[in-house]
Structure formats: structure tokens, C-alpha cells
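1. dropping a prediction and its sequence here:
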Amino acid sequence: MYSSDDFMLIEPTEEYADQIDEFRVEFLDWRNTFSGFASLLRMGDAKKWIEWCRRQKNPALVDPGRVTATQYLYIRKSDNRLVGLIQVRHYFDEFLEKYGGNIGYSVRPDERRKGIGRLMFRAVLPECRALGLEKVIACCRDGNVGAENTIRANGGELINTVYEPNRGIWVKRFSIDLE
């Protein structure tokens with residue numbers, strides 16, 4: 001079992017561009033979706049995505065219809081491997097408040113069921129506090145037991161379950177108190 005000391009949380013850099021591209025391809029090969037990272041799927045190029053991530057942190061440069069957000073890579077120190085991506089949205093728009101929350105994350109498919117999601121989620125909570133957030137909302141698809149367990153293990157308390165009509169799915173919403 002891993003501990004938090006085995007990983008580092010960093011913002012995306014060109015040093016990891018090849019691994020980001022590999023991460024993206026792995027998700028496509030597994031016919032999996034990214035939680036919080038549809039932008040990487042759409043762009044298809046890690047270097048463009050890294051630059052986009054930098055712009056999304058700046059309220060003056062954030063894309064229309066988006067909220068400011070910080071992206072992070074979760075890197076295993078022993079082999080310098082990208083094992084997960086996690087995003088912190090600094091505030092909500094109407095959609096995020098109802099269906100997306102402050103945090104979106106994805107663990108590399110071949111690294112799942114190792115406790116990495118829990119550690120990565122825990123690692124980003126201090127970053128949320130540093131942004132001045134007193135609580136965060138985290139959401140997952142109803143039936144995604146791994147994501148639900150990750151959220152609950154990090155203090156998530158169920159608020160409600162809502163129907164998201166655009167994707168036709170039920171979404172569980174959790175609150176995590178950061179104080």
C-alpha cells in the first residue's frame with residue numbers, strides 16, 4: 001500500500017508532456033472518460049493542454065463559459081510516473097454547483113484499486129484551503145463505488161443525488177468541510 005510520501009502533486013509542465021499524451025491515449029484505449037479533463041481529450045496535444053491549464057488559472061484569461069481552475073499532475077516519485085490528474089475549480093457556475101463540484105480527478109486505468117485516488121484527493125485539499133475555500137463539493141456518478149469511497153474517505157458527506165439531464169445520469173453530491 002502506498003503512502004502520501006510516495007507521490008508529489010505538481011502543476012503540469014512540459015517535462016511531463018509525453019506522459020500526459022500517454023495518459024490520454026490510455027484512457028481512449030480503455031474507452032474511459034476523464035473526470036474533469038475533457039479538455040485534454042478535445043485538444044489531443046499535451047503541450048497545448050499545458051498552456052491552456054496555465055490560462056485557466058488566470059481570471060482574465062479563462063475561456064468563456066469556464067471557471068478559473070488549477071490542474072495538477074499526481075506523480076509517483078519512485079518511477080516519476082504520472083498516475084493521476086486532479087483539478088480544483090476555484091468557484092462554481094450553475095452547472096458545476098449542481099453536477100460537477102470543485103474537484104474532478106482521474107486515476108490512470110492501470111493504476112486503479114491501489115488507493116492512489118484517495119491519496120491524490122487528500123493531497124489537493126490543502127490547495128483548496130489555500131484558495132480560501134472553507135468547504136468543497138465533490139460529485140461522482142451514482143454507482144461509481146471507487147469514486148464515492150474516495151470522496152467519503154476524505155470527509156465527504158452526502159448532500160443529495162440529482163439527475164443530470166445532458167448526460168442522462170444520476171450524480172451523487174458530497175460536501176467536505178475544510179475548516
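-> On my side now, so go ahead.
2. switch to C-alpha atoms for all contacts and neighbour counts from now on
-> OK.
3. tell me, what residue is most central in the chain?
-> Tyr105 (2.3 Å; Cα atoms, centre = their mean).
4. okay, the one helix or strand that residue maps to in CSV with CA atoms only?
-> Tyr105 belongs to strand 103-107 when assigned by DSSP states H and E. Only the C-alpha atoms of strand 103-107 are listed here, as CSV (Å, rounded to 0.1, in the frame of the first residue of the first chain):
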residue,chain,number,x,y,z
ILE,A,103,-12.8,18.7,-7.7
GLY,A,104,-12.5,16.5,-10.7
TYR,A,105,-10.0,13.7,-10.9
SER,A,106,-9.0,10.7,-12.8
VAL,A,107,-6.6,7.8,-11.9
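5. helices or strands up against it?
-> strand 81-89, helix 116-130, strand 135-141 (3 or more Cα pairs under 8 Å, 6 or more residues apart in numbering; DSSP states H and E).
6. contacts for stretch 88-96?
-> Here stretch 88-96 makes contact (Cα atoms under 8 Å, 6 or more residues apart in numbering) with 66-71, 101-104, 124, 128, 131, 133.
7. residues of the helix-or-strand element of the chain with minimal mean pLDDT that come out buried?
-> Lowest on mean pLDDT, DSSP states H and E among the helices and strands of the chain sits helix 38-43, with a mean of 75. Neighbour-count burial for helix 38-43 flags Leu40, Leu41 (criterion: 16 or more other Cα atoms under 10 Å).
8. pLDDT at Thr150, what is it?
-> pLDDT, Thr150: 96.
9. equivalent analysis for the one 5 residues further on, please.
-> Per-residue confidence at Gly155 stands at 98 (pLDDT).
10. and it, what does it touch?
-> Counting by Cα under 8 Å, 6+ apart, Gly155 makes contact with Ser175, Ile176, Asp177.
11. could you export those residues as CSV, including secondary structure?
-> Shown next, in CSV, are the contacts of Gly155 (DSSP: H, G, I helix; E, B strand; the rest coil):
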residue, secondary structure
Ser175, strand
Ile176, strand
Asp177, strand
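12. out of those, which are buried?
-> Ser175, Ile176.
13. closest to Cys140 among the contacts of Gly155?
-> If you rank those by distance to Cys140 using Cα to Cα, Ser175 comes first, at 11.9 Å.
14. OK, contacts around the closest one?
-> Lys135, Val136, Ile137, Ala138, Gly155, Gly156, Glu157, Leu158, Ile159 are the contacts of Ser175 under Cα under 8 Å, 6+ apart.
15. got a ChimeraX select line for the buried ones in the residues you listed?
-> Of the contacts of Ser175, the buried ones go into a single ChimeraX selection, burial set by 16+ other Cα under 10 Å:
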select :136,137,138,156,157,158
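16. Gly84: which of the contacts of Ser175 is nearest?
-> Ala138 (16.6 Å).
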